Structures are given as C-alpha cells and as structure tokens.
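**Q** The following block contains a protein sequence and its predicted model.
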Amino acid sequence: MELDPIAIPDPIITESDTPTEDPDTPPDGGYGWVIIFVCFIHTFWINLWAGSWGILQAALLRTTLKGSSLSALSFVGSLGVALGPALGIPAIRIVRIIGARAGMTIGIVIYGLGCLASSWAVGSLVGLFFACGVSYGIGSAFTDTLYNTLPVLWFKKRLGLANGIVKLGGSFGALIGAVSVGYLTEGVGVAWTFRILGIASLLTGIPTALLIKDHGAPPEYPVKWSVFRDACFSWHFAAGAIGIFPIYAPTFFLPYINNALGFSNSTSIATLACLLIGGT
C-alpha cells in the first residue's frame, strides 16, 4: 500500500522572525554628512577664537588696554579655554534633556553674543573677563560636547573619516582666524573685529545648528570619581593637564613677544600662522 506524500506547508514568516534594524544603529552616511558639516562649522568658530586670542590680546594691549599687564589680560583667554572642559559634564547633562539641536544653538548663540558684548568691553579688563572669557567658556562647553559626540551617533565604519573632517574644521578655524583677525585688528580696530566675529558666527552658526537631528540617545558614561584613587590614573591626569599647556601658551604670547621685539604685525601673523600649520 502506497502512502500519498504529505504536503508540508511553507513556514509562515511572522513579523517577529524578520530581522529588524536597531533604530539607534549609526547609518554611516546619508544625513550624517550634514551633521558632520554642522560640526565642521561650529568647530571652526570655537578654534578660531582660541587660535587668534594671542592676536586680539596684543592688539588690546597696543590700543584700548595700554595700561594693563599682559599677565592679567592673558587670564581672559585662559579662563575661556579652561571653562570649556570644566563645564563639560553639566553641559552633557543639559544636552541630554534639551536635545542636540537646542544645545548646539545655545552654544553658538552664547559664543556670538559674547563676541558682540566684548566689542563694547574692549576698554575694561573686568568686562572682558565676563563678556569674552566666560561667554566663550560656556559656549564652547556646549559645542565641544556635541561635535565630539554627534559623529559617534551617525557613523561607525566611517567614524575616523567623520571625526577627521570635524577636526579639520578646527584646524582651518585656528589658521584662518590668526590671519584674518590680525588684519582686521589693523584695518578696523579691535572692537569691530569682535563685532565681525560675533555677527559672522551667528549668521553661519544658528542656521547650521537648526539642521541637527537627534539620532539615538547619546552614550551615557557615569562619572567615577573613585578612579582618582588610582595613582597611575592620577599621574596620567596630571601629566595631561601639564602637557596641554604648550599647546596654548605659544599662541597666546607669541604675537605680543613679536611686537615687543619690534616686529611688525604682519610678521606676528606670519609667525603664528606657521606655528599653527605645524601644529595642524
């Protein structure tokens, strides 16, 4: 007796059987390149200030702050550079609440308005501490947080390329800032140089910040203060803090030293530009 073959029905593929893509997976392209462009622009402005502060400082001591000491004025730039990383942890927590777009917009608005406020404080050392140093520090805390984390959310395989483009914006900013700010201070004065920087950063920074889209939640890394109990970590932390000093000290003081030795402003600009090219 022969048995008829039993037809086996095709397996029913349910929705749960089909692989679903994690929405938090970095797309490695697409709109991510727009995000990288935004980060490029904002890194440009943040590093432009840091790279050209030495030029601004020398111009202030030549004109509106002739009676002030170099050591006192240099603390304005030092305060701005130090506040950025110091306020990084609070900035990260705020950005997690308000979103990347609002965080980047707040950062560039504070930066730009600080430059505008500095233009009316060029004759006051105390005024520059707040209008220039504090505003730059707060603004850079938000922007630094975002242009260092956004590429991670949008790229995985091409993360190295994406990060390289963002950092290239900072290198361009420092180099172009040293040259353009040097000639602006000679041509239109320190006050109008601050105004031009403020207006230009707001006109380019706000529209680009509004292009940002959130893609997944930023990674959360809890702060573990207990690591400072590790002598090796504390040693490396102190070495890093000391080692970063030579990065900023030459750019802050080289233009003033050149002027004190009798060199022209153009020579100071060229010297600083060569230093920044070498650093890049």
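**A** Looks like it came in fine.
**Q** now the helices for the stretch 151-280 of the chain?
**A** Remark: helices assigned in the stretch 151-280 of the chain by DSSP state H, counting those that start in this stretch are 159-187, 190-209, 231-243, 245-260, 265-279.
**Q** Can you mark which positions in the last one are buried?
**A** If I follow you right, that is helix 265-279. Residues 265, 268, 269, 270, 271, 272, 273, 275, 276 are the ones in helix 265-279 that count as buried (16 or more other Cβ atoms under 10 Å). Every C-beta, even on glycine, is put in place using the N, C-alpha and C of the backbone.
**Q** what's the closest of the helices of the stretch 151-280 of the chain to residue 93?
**A** For the helices of the stretch 151-280 of the chain, the distance to residue 93 is smallest for helix 190-209, at 19.3 Å, taking Cβ to Cβ.
**Q** for the record, mean pLDDT for the closest one?
**A** Across helix 190-209, pLDDT averages out at 96.
**Q** TSV please, covering the helices of the stretch 151-280 of the chain and showing distance to residue 27.
**A** TSV is the format used below for those (distance: least, Cβ to Cβ, whole Å):
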stretch	distance to residue 27
helix 159-187	11
helix 190-209	20
helix 231-243	33
helix 245-260	34
helix 265-279	33
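**Q** who's in contact with the residue nearest to residue 154 when sequence neighbours are not counted?
**A** Nearest non-adjacent residue to residue 154, counting by Cβ to Cβ, 6 or more residues apart in numbering: residue 32, 3.4 Å away. Residue 32 makes contact with 26, 151, 154, 155, 162, 215, according to Cβ atoms under 8 Å, 6 or more residues apart in numbering.
**Q** The same query, at a cut-off of 10 Å, please.
**A** 26, 150, 151, 153, 154, 155, 158, 162, 213, 215 (Cβ atoms under 10 Å, 6 or more residues apart in numbering).
**Q** Max pairwise distance over those: which two?
**A** Largest separation among those by Cβ to Cβ: 158 and 213, giving 17.9 Å.
**Q** More neighbours: these two, which one.
**A** residue 158 (18 against 15; other Cβ atoms under 10 Å).
**Q** Residue ranges in the stretch 1-150 of the chain under the pLDDT threshold?
**A** Along the stretch 1-150 of the chain, the parts satisfying pLDDT under 70 run over 1-24.
**Q** Spell out the residue ranges of the helices in it.
**A** 32-62, 70-86, 88-98, 100-119, 125-128, 135-154.
**Q** Out of the contacts of residue 32, which comes closest to residue 249?
**A** So of the contacts of residue 32, ranked by how close each gets to residue 249 (Cβ to Cβ), first place is residue 151, at 29.2 Å.
**Q** Surely the closest one and residue 100 touch.
**A** No - assessed by Cβ atoms under 10 Å, residue 151 is found out of contact with residue 100, at 11.7 Å.
**Q** shared neighbours of these two, anything?
**A** residue 35.
**Q** contacting residues for residue 113?
**A** With contact taken as Cβ under 10 Å, 6+ apart, residue 113 is in contact with 131, 135, 139, 198, 201, 202.
**Q** The fourth one: how many residues sit nearby?
**A** Meaning residue 198. Residues within reach of residue 198, counting by other Cβ under 10 Å, total 20.
**Q** swap in the fifth one?
**A** The criterion is other Cβ under 10 Å. On that basis, residue 201 has 26 neighbouring residues.
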